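# need a structure here:
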Amino acid sequence: MTISVFIATFSGAFLFPFFIRMAWGKMVDSWGPIGGWMAAAFITGTIWTLNHGIPTPMITQSGKAWVDMGLAAGIGCWVATARLGFGVKKSMKNVFAAISGGIVGAFLLSLFL
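Residues are numbered from 1 along each chain as shown. From the prediction side, this is the model:
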């Protein structure tokens, strides 16, 4: 992986949790539950397009380093919350729940893909 590919992949992985932290809550606060659906569509859709859906995507799956938008969002939002001074220790049960959910989801997908 070259330096330019690493920088592009890191930047693409940074964008998703950044926009989640900056806009998602404000959209929900302004528009209620429909704001959450709109945030899910617009933020996730736009960042996915930048990261994966254009001819030269930001995130490159080279086989040497694997970055997924869900992983990037989870780590990015968790680190941002920790930096704001919220309890990392209290959040560990959510981290383990997310990992367990990912394992179960991957297993279910492996049954028919």
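
# contacts, neighbours, all on C-alpha from now
Will do.

# So in the protein, which helix runs the longest?
Counting residues, the longest helix found in the chain (DSSP state H) is helix 88-112.

# So for this protein, the centremost residue is which one?
Closest residue to the average C-alpha location of the chain: Ala73 at 2.4 Å, with Cα atoms, centre = their mean.

# Against which helices or strands is the helix or strand containing Ser4 packed?
Of the helices and strands defined by DSSP states H and E, Ser4 is found in helix 3-19. With contacts defined as 3 or more Cα pairs under 8 Å, 6 or more residues apart in numbering; DSSP states H and E, helix 3-19 has these neighbours: helix 33-52, helix 69-83.

# report the angle between the axes of the first one and helix 3-19?
Between helix 33-52 and helix 3-19, the angle formed by their directions is 180 degrees, by axes from the mean of the first three to the mean of the last three Cα atoms, to 10 degrees.

# Which secondary structure elements does helix 33-52 sit against?
helix 3-19, helix 25-31.

# can you pull the contacts of the nearest residue to Asn51 once chain neighbours are set aside?
Spatially, and ignoring its direct neighbours in sequence, Asn51 is nearest to Met58 (4.6 Å; Cα to Cα, 6 or more residues apart in numbering). Residues touching Met58, when contacts are defined by Cα atoms under 8 Å, 6 or more residues apart in numbering, comprise Val5, Ala8, Thr9, Ser11, Gly12, Leu50, Asn51, His52.

# The nearest residue to Pro57 once chain neighbours are set aside: how many residues sit nearby?
If you skip the residues right next to it in sequence, Pro57 has Asn51 as its closest partner in space, 5.0 Å away by Cα to Cα, 6+ apart. Using other Cα atoms under 10 Å, Asn51 has 23 neighbouring residues.
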